[in-house]
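[1] I'll drop the sequence and a predicted model, then ask my questions.
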Amino acid sequence: MTTAIYAGKPVEVTDEGFLENPSQWDEQMAREIARAEGIEELTDRHWVVIRFMRSQYEEKGAGPSVRVLGKTSGVSVKELYQLFPKGPAKTAAKIAGIPKPIGCI
(Lines give C-alpha, C1' and ligand atoms only; values in the text may rest on other atoms or scores of the structure.)
Protein backbone atom coordinates (compact mmCIF):
# COMPACT_ATOMS: atom_id res chain seq x y z
CA MET A 1 0.00 0.00 0.00
CA THR A 2 1.20 3.46 -0.84
CA THR A 3 0.03 6.99 -0.27
CA ALA A 4 -0.98 9.32 -3.09
CA ILE A 5 -1.95 12.97 -2.90
CA TYR A 6 -5.16 13.95 -4.72
CA ALA A 7 -6.85 17.31 -4.31
CA GLY A 8 -4.27 18.10 -1.64
CA LYS A 9 -5.33 15.11 0.50
CA PRO A 10 -3.17 12.07 1.24
CA VAL A 11 -5.02 8.82 0.47
CA GLU A 12 -3.97 5.19 0.66
CA VAL A 13 -3.94 3.43 -2.71
CA THR A 14 -3.29 -0.11 -3.91
CA ASP A 15 -0.24 -1.00 -6.00
CA GLU A 16 -2.41 -0.33 -9.08
CA GLY A 17 -3.56 3.09 -7.81
CA PHE A 18 -7.10 2.26 -6.66
CA LEU A 19 -8.27 4.05 -3.52
CA GLU A 20 -8.24 1.79 -0.46
CA ASN A 21 -11.09 3.76 1.13
CA PRO A 22 -13.74 4.83 -1.42
CA SER A 23 -15.35 7.16 1.13
CA GLN A 24 -12.33 9.48 0.82
CA TRP A 25 -13.11 10.15 -2.85
CA ASP A 26 -14.39 13.46 -4.16
CA GLU A 27 -14.93 14.94 -7.62
CA GLN A 28 -11.70 16.95 -7.56
CA MET A 29 -9.78 13.73 -6.92
CA ALA A 30 -11.60 12.18 -9.88
CA ARG A 31 -10.38 14.95 -12.17
CA GLU A 32 -6.78 14.46 -11.01
CA ILE A 33 -6.94 10.66 -11.31
CA ALA A 34 -8.42 11.05 -14.81
CA ARG A 35 -5.56 13.31 -15.88
CA ALA A 36 -3.08 10.74 -14.54
CA GLU A 37 -4.88 8.15 -16.68
CA GLY A 38 -4.56 10.32 -19.80
CA ILE A 39 -8.06 11.82 -19.77
CA GLU A 40 -7.56 15.57 -19.77
CA GLU A 41 -11.16 16.60 -19.16
CA LEU A 42 -14.13 14.72 -17.75
CA THR A 43 -17.19 15.38 -19.90
CA ASP A 44 -20.83 14.94 -18.89
CA ARG A 45 -20.70 11.45 -20.45
CA HIS A 46 -17.68 10.53 -18.30
CA TRP A 47 -19.60 11.67 -15.23
CA VAL A 48 -22.59 9.48 -16.19
CA VAL A 49 -20.28 6.46 -16.08
CA ILE A 50 -18.39 7.56 -12.95
CA ARG A 51 -21.57 8.18 -10.97
CA PHE A 52 -23.05 4.90 -12.22
CA MET A 53 -19.91 3.03 -11.10
CA ARG A 54 -20.13 4.59 -7.64
CA SER A 55 -23.84 3.83 -7.28
CA GLN A 56 -23.31 0.20 -8.33
CA TYR A 57 -20.47 -0.13 -5.85
CA GLU A 58 -22.61 1.32 -3.05
CA GLU A 59 -25.54 -0.99 -3.95
CA LYS A 60 -23.66 -4.20 -4.66
CA GLY A 61 -20.22 -3.83 -3.08
CA ALA A 62 -18.45 -4.11 -6.45
CA GLY A 63 -18.21 -2.19 -9.68
CA PRO A 64 -19.80 -3.62 -12.83
CA SER A 65 -17.95 -5.36 -15.65
CA VAL A 66 -17.69 -3.68 -19.05
CA ARG A 67 -20.52 -5.84 -20.35
CA VAL A 68 -22.87 -4.91 -17.50
CA LEU A 69 -21.75 -1.29 -17.69
CA GLY A 70 -22.59 -1.16 -21.40
CA LYS A 71 -26.02 -2.72 -20.87
CA THR A 72 -27.15 -0.80 -17.80
CA SER A 73 -25.43 2.59 -17.61
CA GLY A 74 -27.00 4.20 -20.66
CA VAL A 75 -23.58 4.38 -22.34
CA SER A 76 -22.84 1.86 -25.10
CA VAL A 77 -19.76 -0.36 -24.97
CA LYS A 78 -18.42 1.42 -28.06
CA GLU A 79 -18.75 4.81 -26.35
CA LEU A 80 -17.24 3.43 -23.14
CA TYR A 81 -14.08 2.55 -25.05
CA GLN A 82 -14.03 6.04 -26.58
CA LEU A 83 -14.38 7.65 -23.16
CA PHE A 84 -11.97 5.31 -21.34
CA PRO A 85 -9.59 3.93 -24.00
CA LYS A 86 -7.29 2.08 -21.57
CA GLY A 87 -10.13 -0.17 -20.42
CA PRO A 88 -13.54 1.22 -19.47
CA ALA A 89 -14.45 -0.69 -16.32
CA LYS A 90 -10.99 -0.58 -14.79
CA THR A 91 -10.25 3.06 -15.64
CA ALA A 92 -13.73 4.29 -14.71
CA ALA A 93 -13.53 2.43 -11.39
CA LYS A 94 -10.16 4.01 -10.59
CA ILE A 95 -11.47 7.49 -11.43
CA ALA A 96 -14.65 6.79 -9.42
CA GLY A 97 -12.54 5.87 -6.40
CA ILE A 98 -13.84 2.32 -6.09
CA PRO A 99 -11.97 -1.02 -6.13
CA LYS A 100 -11.02 -2.65 -9.41
CA PRO A 101 -14.02 -4.63 -10.73
CA ILE A 102 -13.83 -8.40 -10.48
CA GLY A 103 -12.55 -9.88 -13.71
CA CYS A 104 -10.49 -6.87 -14.79
CA ILE A 105 -6.88 -7.64 -15.58
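    Thanks, I have the structure now. As the structure is a prediction and not an experimental result, all values here were calculated from the model. Residues are numbered from 1 along each chain as shown.

[2] where does pLDDT dip in the chain?
    1, 102-105 (pLDDT under 70).

[3] that one: helices as residue ranges?
    For the chain, applying DSSP state H gives helices covering 27-36, 44-60, 66-72, 77-83, 88-96.

[4] highest mean neighbour count out of these?
    Scoring the helices of the chain by mean neighbour count under mean count of other C-beta atoms under 10 Å gives helix 88-96 as the most buried, with a mean of 26. The way it works is simple: take the backbone N, C-alpha and C, and place the C-beta from them, glycine included.

[5] what's next to that one, contact-wise?
    16-18, 25, 30, 33-34, 37, 39, 42, 46, 49-51, 53-54, 57, 63-66, 69, 77, 80-81, 83-84, 99-101, 104-105 (C-beta atoms under 8 Å, 6 or more residues apart in numbering).

[6] same thing with stretch 41-61?
    For stretch 41-61, contacts defined as C-beta under 8 Å, 6+ apart pick out 22, 25, 30-31, 34, 39, 62-64, 69, 72-75, 79-80, 83-84, 88, 92-93, 95-99.

[7] ok, 10 Å please
    For stretch 41-61, contacts defined as C-beta atoms under 10 Å, 6 or more residues apart in numbering pick out 22, 25, 27, 30-31, 33-35, 39, 62-64, 68-69, 72-75, 79-80, 82-84, 88-89, 91-99, 101.

[8] equivalent analysis for stretch 25-40, please.
    Applying C-beta under 10 Å, 6+ apart, the external contacts of stretch 25-40 come out as 4-9, 11, 13, 17-19, 41-42, 46-47, 50-51, 54, 83-87, 90-92, 94-98.

[9] what is the neighbour count of residue 37?
    Neighbourhood size, residue 37 [other C-beta atoms under 10 Å]: 17.

[10] go on, the one 3 residues further on?
    When neighbours are counted by other C-beta under 10 Å, residue 40 registers 7.

[11] now swap in residue 20 and tell me
    Around residue 20 there are 14 other residues, counting by other C-beta under 10 Å.
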